[in-house]
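1. Here is a sequence with its predicted model. Questions after.
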Amino acid sequence: MTTLEQSDTSGAGDVAHLTARRFERMRPFGGGPAPRFDTRGLPPGPRWPVLLQSVALIRFRHRFVPWLWRRYGDVFTVRVVPGGRPLVLFTRPEHAKEIFAGDPEVFHAGKGNAILGPIMGEHSLLLQDDAQHKRARALLMPAFNGQALRSYRDLVDEVARAEVARWHPDEEFRSLDRMNALTLEVILRVVFGVTDERRLARLRPCVSRTVDISPAILLGWGYPALQRFGPWRRTVDNAYRLDELIYAEIRERRATGDLDQRSDVLSRLILAGGDGDRLTDEELRDQLVTLLLAGHETTASALSWALYEIGRDHRQLTLAREAAHSGDDDHLEAVLKESMRLHPVIPMVVRTLMRPATVGGWDLPAGATVGPSILIAHARSEHHPHPERFDPTRFRGHNPPVNTWIPFGGGVRRCIGAGFSLMEGVAVLRAVLTAYDVTALGADRPRVRNITSVPRRGSRIRVSRPG
Ligand code: HEM
């Protein structure tokens, strides 16, 4: 347990030490040799070299995973680096249910995200498991409940309208870029609660560089010697600058006497836990960076796909515009949900087995990773008739069957920001569509960017004043 005073440990002099310690301790894959797996008895899958399978899964998942499904059926195994560890993907809702409901002490989620350790830090909600995860989740959850979400709404509206006010009639642009800028601003103002313009100006480039880190850089962290060179060196330097700014913000925020009057996420997190268990400065830093990385590009991608879909279908545009004008938020939310179904931003969720377990009738060894494929779950025609069609009415008045729409994962690890991203998405669609009509410029398709799937051409649109 930590008191408010004890936890305020990070003077400027300590920051370099904290950053360096994180890079030293948080090696992807734990730094040790990869365990060996007996792959006999696992669900079927390709026998290609492990590196080839890993690259296919990471870079070409939109073609590779549907191909695996057609070739091997509803459950299949991919062997991935390091060491050819098995990743068993499931595509049926009853299997997703088994995984989501699995004992969290056996079905670990943090392990699968270890690669993000040097950026997010060991306290990150995404990286923790067991009791530590339970504690962190309990401390973070209140900042994302319905009441908290309502308190963020005005500021999100304001940021969304300010962004749209910068657009000009008949302007053409990559909506993904504008949505990225917008969701970043929402994180900085609503999550970090930063209002000082000078600090915002210093934070923006550091934060952008942090979210831009490529998988090659992430993988390179397995080799500490690289940290002295080129892009790895720049990553460490940037991480240090970002840490300095975040710790300064935390220190100053703790010193203000009006924390309980503030509605941003950081202020709520500082107060979380009452007089008992509080988050330390280091924990706060790690959770803020986690929220930034988990909540920024994901929401931007979902929004750019939504603009793409309504921008290429006049009827959908008319319906969405009417909804925006009449305050029918349910329809705008249905537009977002259907965009996330048709274009899943995250392709799968994974759990690593701490003990042998049976999933979907398959006996799987400890160390194997299992997960529902969101891509395939959303494309099954028995649950989503004509799955290739964009049809928001799927989400009007009823929802698709349980575990057939899983863009936010599920169980005790379900995305903590699901409600936040829908609230933000509705606010943005409303701001756009009350000001402009949207036309999509040409066809687009998904490509992998870091962990998320984004429109390859950035979902180019033209905005025009309604006639
Ligand atoms: C369209 C937007 C988003 C999508 C598609 C998305 C998707 C996901 C998925 C698939 C997971 C993993 C769930 C699992 O393992 O079962 C996740 C976890 C998480 N997301 Fe999101 N997310 C989005 C927005 C956000 C936002 C806005 C935030 C915060 C501001 C956020 C914060 C998190 C966190 C902290 C976790 C880890 C939860 C845990 O491990 O307990 N996400 N998200």
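-> The structure has been received and is ready for your questions.

2. CA atoms for contacts and neighbours, from now on please.
-> OK.

3. And the average pLDDT for stretch 444-456 is what?
-> The predicted model assigns stretch 444-456 a mean pLDDT of 91.

4. does the residue of the stretch 51-200 of the chain found nearest the ligand count as helix, strand or coil?
-> Proximity of the stretch 51-200 of the chain to the ligand (C-alpha to the nearest ligand atom) peaks at residue 126, 4.1 Å away. Here residue 126 is recorded as coil under DSSP: H, G, I helix; E, B strand; the rest coil.

5. Around the nearest residue to it once chain neighbours are set aside, count how many other residues there are.
-> Spatial nearest neighbour of residue 126, chain neighbours left out: residue 110 (5.7 Å); criterion: C-alpha to C-alpha, 6 or more residues apart in numbering. Residue 110 has 23 neighbours, counted by other C-alpha atoms under 10 Å.

6. show me the contacts for residue 110.
-> 126-129, 351 (C-alpha atoms under 8 Å, 6 or more residues apart in numbering).

7. Likewise for residue 412?
-> By C-alpha under 8 Å, 6+ apart, the residues touching residue 412 are 100-101, 104.

8. Compare the residues you listed and tell me which is most surrounded.
-> Comparing the contacts of residue 412 by number of neighbours (other C-alpha under 10 Å), residue 100 comes first, having 23 neighbours.

9. Just give the closest residue to that one, not the sequence neighbours.
-> residue 411 (4.5 Å).

10. Can you tell me the element residue 86 falls in?
-> In this structure, residue 86 is located in strand 85-90 according to DSSP states H and E.

11. thought residue 84 was touching residue 52?
-> No. Assessed by C-alpha atoms under 8 Å, residue 84 is found out of contact with residue 52, at 10.7 Å.

12. between those two, who's got more neighbours?
-> Higher neighbour count among residue 84 and residue 52: residue 84, with 19 against 14, using other C-alpha under 10 Å.

13. Skipping its backbone neighbours, what lies nearest that one in space?
-> For residue 84, ignoring the flanking residues on the chain, the nearest one in space by C-alpha to C-alpha, 6+ apart is residue 50 at 5.5 Å.

14. OK, contacts around the residue lying closest to residue 39 once chain neighbours are set aside?
-> Sequence neighbours aside, residue 86 is the residue nearest to residue 39 in space, at 7.4 Å (criterion: C-alpha to C-alpha, 6+ apart). Residue 86 makes contact with 37, 39, 77-80, 368-369, according to C-alpha under 8 Å, 6+ apart.

15. re the thing from before, for the contacts of residue 110, give me a markdown table that also has pLDDT and neighbour count.
-> Conversion of these to a markdown table gives the following (pLDDT from 0 to 100; neighbours: other C-alpha atoms under 10 Å):
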| residue | pLDDT | neighbour count |
| --- | --- | --- |
| 126 | 96 | 27 |
| 127 | 95 | 22 |
| 128 | 96 | 22 |
| 129 | 96 | 21 |
| 351 | 96 | 26 |
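
16. out of these, who's nearest residue 303?
-> Nearest to residue 303, judged by C-alpha to C-alpha, of the contacts of residue 110 is residue 126 at 22.9 Å.

17. from what I can see that closest one touches residue 290, true?
-> Yes. Here residue 126 reaches residue 290: they are 7.2 Å apart, a contact under C-alpha under 8 Å.

18. Can you give me the distance of residue 285 to residue 123?
-> For residue 285, the distance to residue 123 (C-alpha to C-alpha, to the nearest Å) stands at 9 Å.

19. do residue 264 as well
-> Residue 264 sits 20 Å away from residue 123, going by C-alpha to C-alpha.

20. again with residue 417
-> Following C-alpha to C-alpha, the distance that separates residue 417 from residue 123 is 17 Å.

21. next one: residue 276
-> 18 Å.

22. related to what we said a few turns ago, okay, residue 264 and residue 123: which has more neighbours?
-> More crowded of residue 264 and residue 123, by other C-alpha under 10 Å: residue 264, with 24 against 21.

23. Just to check, the more buried one is in contact with residue 150?
-> No. Applying C-alpha under 8 Å, one finds residue 264 not in contact with residue 150, separated by 11.4 Å.

24. Remind me which helix or strand the residue positioned nearest the centre of the chain belongs to.
-> Residue closest to the mean C-alpha point of the chain, counted by C-alpha atoms, centre = their mean, is residue 294 at 3.3 Å. Using DSSP H and E, residue 294 falls within helix 281-295.

25. What residues of that helix count as buried?
-> Residues 281-295 are the ones in helix 281-295 that count as buried (16 or more other C-alpha atoms under 10 Å).

26. secondary structure class for residue 77?
-> Assigned with three-state DSSP, residue 77 falls in the strand class.

27. pLDDT score assigned to it?
-> pLDDT, residue 77: 98.

28. what's the answer for residue 9, then?
-> With respect to pLDDT, residue 9 has a value of 45.

29. Could I get the contacting residues of the residue nearest to residue 75 when sequence neighbours are not counted?
-> Spatial nearest neighbour of residue 75, excluding adjacent residues (C-alpha to C-alpha, 6+ apart): residue 90 at 4.8 Å. The neighbourhood of residue 90, defined by C-alpha under 8 Å, 6+ apart, consists of 74-76, 96, 370-373.

30. what ranges do the strands span in the stretch 351-467 of the chain?
-> When secondary structure is read from DSSP state E, counting those that start in this stretch, the stretch 351-467 of the chain shows strands at 351-353, 357-359, 362-364, 369-372, 437-440, 446-449, 452-455, 460-464.

31. that older thread, next, find the distance separating the residue nearest to the centre of the chain from the ligand.
-> 5 Å (C-alpha to the nearest ligand atom, to the nearest Å).

32. wait, residue 143 sits on residue 265?
-> Yes. Counting by C-alpha under 8 Å, residue 143 touches residue 265, with 5.9 Å between them.

33. helices and strands around the lengthiest helix in the chain, which ones?
-> The longest helix of the chain (DSSP state H) is helix 230-255. Applying 3 or more C-alpha pairs under 8 Å, 6 or more residues apart in numbering; DSSP states H and E, one finds that helix 230-255 contacts helix 12-25, helix 197-211, helix 215-220, helix 265-271, helix 281-295.

34. now with 7 Å?
-> Applying 3 or more C-alpha pairs under 7 Å, 6 or more residues apart in numbering; DSSP states H and E, one finds that helix 230-255 contacts helix 12-25, helix 197-211, helix 281-295.

35. That helix - what's its average pLDDT?
-> pLDDT averaged over helix 230-255 gives 91.

36. so that helix versus helix 281-295, what angle?
-> Interaxial angle, helix 230-255 versus helix 281-295 (axes from the mean of the first three to the mean of the last three C-alpha atoms, to 10 degrees): 120 degrees.

37. between helix 230-255 and helix 197-211, how big is the angle?
-> Using the same axes, to 10 degrees: helix 230-255 against helix 197-211 is 140 degrees.

38. For helix 230-255, buried residues please.
-> Residues of helix 230-255 classed as buried: 231-232, 235-251, 253-254 (neighbour count, 16+ other C-alpha under 10 Å).

39. Spell out the residue ranges of the helices in the stretch 51-200 of the chain.
-> 61-72, 93-100, 117-120, 130-140, 146-165, 175-186, 197-211 (DSSP state H, counting those that start in this stretch).
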